[in-house]
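Student: turn this into a structure:
(chains A, B, C and D)
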There are 2 protein chains.
Amino acid sequence: MHTHCITIKDIARELNLSVSTVSRAFRDAYDVSQETKEKVLTMAAQLNYKPNFNAIGLVKNQTNNIAVMLPSITNYYFSTVITGIQEVGYSKGYNIIFYVTNDSPERELSIIRNLSLTSIDGFLVCTTLNSDHREHFQKIIDNGTPVVFFDRVLPGIRTSTVMQDDYNGALQAVEHLAKSGYKKIAHISGRKSLAITQNRTRGYLDALKKFKLPIREEWITQSGFSQEDGENDVYELLKCKDKPDAIFAVNDRKAIGAMLSLKKLKIRIGEEMGVIGFTNDPVSGIISPGLTTIAVPALDAGSKSCELLLRHISKKNFEPQELILPGKLIVRESTVKIRQQVEAYAS
Amino acid sequence: MHTHCITIKDIARELNLSVSTVSRAFRDAYDVSQETKEKVLTMAAQLNYKPNFNAIGLVKNQTNNIAVMLPSITNYYFSTVITGIQEVGYSKGYNIIFYVTNDSPERELSIIRNLSLTSIDGFLVCTTLNSDHREHFQKIIDNGTPVVFFDRVLPGIRTSTVMQDDYNGALQAVEHLAKSGYKKIAHISGRKSLAITQNRTRGYLDALKKFKLPIREEWITQSGFSQEDGENDVYELLKCKDKPDAIFAVNDRKAIGAMLSLKKLKIRIGEEMGVIGFTNDPVSGIISPGLTTIAVPALDAGSKSCELLLRHISKKNFEPQELILPGKLIVRESTVKIRQQVEAYAS
DNA sequence: CTGTTAGCGCCTTCAG
DNA sequence: CTGAAGGCGCTAACAG
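Tutor: Next up, the predicted model:
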């Protein structure tokens, strides 16, 4: 394919050295003279030598490739996470190969199946919504390839995980609604099989208990995570005889969907219906009224996940860790109940 | 690193065959009996054999890896493009390795320098804003690694390129403003060294000429591509003695920035100041008033770029192609001038 | 400190 | 149709 590439052989010939010496010079081995090393390095630069990673990988049984599998990269959270992953991967000399599942379990399976275990050193994964491929992941780990789960975590696998502090974030969010004067707080949630959903719902319920606010089954909807799901969930909620006066959405996309529906129905956001999200997608600050939300450290989630994975890669028996990253309440107009403030904010 | 992996040797031993026969069976070579082939394939499945890509790559001097370098992946356009790239790459058995430059030319250079030419089969690039690394890209191409440019294209390099129809898109956008009754149309533009910027500006100017509308130097601002740039550009425009009554922004992010500034200044969007963008970022439909824009086929841009690259990879002397993808006008409220309509739309 | 040798897993002649 | 042998570029013992 390519025109002839410079190899260590060429350098060795040029310098009248053996290939092993040249190889040692590159790897900064302890047993090369400073002089030889310099000669090799300058010659390499002159010849524009580039190491052949296939050859190195073949011999060392490693690849410097890390695979990332995630549902999508077109939303704020995932694109930011993967940016964080890429940053630390790049700085440590690892290539990031990514696979998007579009939340299709079949696609997930096909990716895992095709994943040649010899072509990656580690695997970073955020599962699909309905993943039941626990044993496949387990097999990969058993085979010696480290796996780290982030955001969406399959319980029962002994490996490191990185998540947001979903429970406390939800608690904070609903506390904020309660303190802002809302009494009948609904929750539009996500797929309930996921830890992220369960923890946020748990935080929601505990906050209600803490403030002695009513808990009603019909005020909790369970669907997907998309904007459309949010739009639909609002219509469901409004069918209740006793209508809620605030909504805690499992994420910003659903919150924004909810706001869109409310606008369509001419229900005043904040005043008549408080809305709070989770993520702090940049859109929350652009939409009006601004969406109150729990900011999530997406970039950190990415970089920490990658760091953990790299540690698993370098230390054979690195103890699995569970990282929980704290969120932060960002107050905007969607949870301002008092009328005159709403007026002031509305554009 | 990994526990022992199954190799063709294992299969050969198990089946009492030579490794070369096994190898042939996998590659569907013409000279293997159907029977042997089947035996090999079933044994491979049974043993859970996975080919070692390093070894194959070493011998064939290829890697099945494609590198993508782009400024960022956290905005709609780029994340969608890369999704398109990944889709066709995955379907053809290529891994996508990506590098983000954050629009830093230094980072770009470091990425190109570190890019081992033997570790990728092709290179998909969207340059940084101020890239002056033409000769580096040229060297990569001369070295035998195909390169395809998308979106931001460095002129003067003989290779395939994929762009939107920036000229006609801009023409359409400004025509729409003119037909909607705006008379003094400003343009908040991007970095002028880029073809994309130049073409959009050309479309803008030609539309003004066509409708015999005034062209004024001070109504054209040149800065970056970010939302903040858009916010600032509006303040610049409003310093003009003769203020414009509409803005054509080089992209949606700048248009949204502009809208945010206008809202802050209580200038009614649409009625007092028309705004039109370029991209059709999903936010354009969420923000209110909705942003009129030129929709750009981002997913197509990605998949077509990747297809072109793969063609360059497989055919040594594939004739470079320039692909221009058409845009589409999406009318929303930000270009509705008549008062009552604005009222109707405002939430 | 340096050179020699063998081999990583696979493909590709060249003989049978 | 199948097997044997050599080599892709590099590293890792083992000698000196």
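Student: going by C-alpha atoms from here, please, whenever you check contacts or count neighbours.
Tutor: Will do.
Student: residues contacting residue A:99?
Tutor: A:67, A:68, A:69, A:70, A:111, B:86, B:90 (C-alpha atoms under 8 Å, 6 or more residues apart in numbering or on different chains).
Student: redo that, cut-off 10 Å
Tutor: A:67-73, A:107-108, A:111-112, A:125, B:83, B:86-87, B:90, B:95-96 (C-alpha atoms under 10 Å, 6 or more residues apart in numbering or on different chains).
Student: after the helix or strand harbouring it, next one along is what?
Tutor: Element membership for residue A:99, per DSSP states H and E: strand A:95-100. Next helix or strand after strand A:95-100 toward the C-terminus (DSSP H and E): helix A:105-114.
Student: avg pLDDT for that next one?
Tutor: For helix A:105-114, mean pLDDT is 89.
Student: same question, stretch A:291-311
Tutor: If you average the pLDDT over stretch A:291-311, you get 97.
Student: sorry, back to before: and the angle from the strand holding residue A:99 to helix A:105-114?
Tutor: 150 degrees (axes from the mean of the first three to the mean of the last three C-alpha atoms, to 10 degrees).
Student: strands along the stretch 201-347 of chain A, start to end?
Tutor: Using DSSP state E, counting those that start in this stretch, the strands of the stretch 201-347 of chain A run over A:220-222, A:246-249, A:274-276, A:293-295, A:322-325, A:328-330.
Student: partner strands of the second one, with direction?
Tutor: This points to strand A:246-249. strand A:185-189 (parallel), strand A:274-276 (parallel) (DSSP bridges).
Student: and the strand or helix carrying residue A:84 with helix B:105-114, angle?
Tutor: Per DSSP H and E, residue A:84 falls inside helix A:76-91. Between helix A:76-91 and helix B:105-114, the angle comes out at 60 degrees (the same axes, to 10 degrees).
Student: hmm, helix A:76-91 touching chain B?
Tutor: Yes. In terms of C-alpha under 10 Å from any C-alpha of the partner chain, part of helix A:76-91 sits within range of chain B, namely A:76, A:77, A:78, A:79, A:80, A:81, A:82, A:83, A:86, A:87, A:90.
Student: before we move on, back to that, and the strands of the stretch 201-347 of chain A: which comes nearest residue A:152?
Tutor: Smallest distance to residue A:152 across the strands of the stretch 201-347 of chain A (C-alpha to C-alpha): 12.4 Å, for strand A:322-325.
Student: strands paired with that closest one, and their directions?
Tutor: strand A:161-164 (parallel).
Student: what lies in contact with the strand it pairs with?
Tutor: Here strand A:161-164 makes contact (C-alpha under 10 Å, 6+ apart) with A:124-126, A:147-155, A:195-196, A:199, A:279, A:295-298, A:300-302, A:304-306, A:308-309, A:320-327.
Student: ok, now how distant is residue A:132 from residue A:108?
Tutor: Look at residue A:132 and residue A:108: by C-alpha to C-alpha, to the nearest Å, they are 10 Å apart.
Student: actually residue A:326, sorry about that
Tutor: Distance, residue A:326 to residue A:108, by C-alpha to C-alpha: 29 Å.
Student: same thing with residue A:174?
Tutor: 34 Å.
Student: now do residue A:90
Tutor: Distance, residue A:90 to residue A:108, using C-alpha to C-alpha: 25 Å.
Student: which positions in the stretch 201-347 of chain A make contact with DNA strand C?
Tutor: Within the stretch 201-347 of chain A, no position lies close to DNA strand C (C-alpha under 7 Å from any atom of the strand).
Student: quick one: low-confidence ranges for the stretch 201-347 of chain A?
Tutor: Within the stretch 201-347 of chain A, the segments meeting pLDDT under 70 span A:339-347.
Student: near chain B, which residues of it?
Tutor: Close to chain B, as judged by C-alpha under 10 Å from any C-alpha, the stretch 201-347 of chain A has residues A:256-257, A:259-260, A:263-268, A:282-284, A:286-289, A:313-316, A:346-347.
Student: could you dump the strands paired with strand A:246-249 to JSON lines with mean neighbour count?
Tutor: Shown next, in JSON lines, are the strands paired with strand A:246-249 (neighbours: other C-alpha atoms under 10 Å in any protein chain shown):
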{"stretch": "strand A:185-189", "mean neighbour count": "26"}
{"stretch": "strand A:274-276", "mean neighbour count": "32"}
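Student: out of these, nearest to residue B:31?
Tutor: For the strands paired with strand A:246-249, proximity to residue B:31 was assessed by C-alpha to C-alpha; strand A:185-189 is nearest, at 58.6 Å.
Student: alright, I will stop here.
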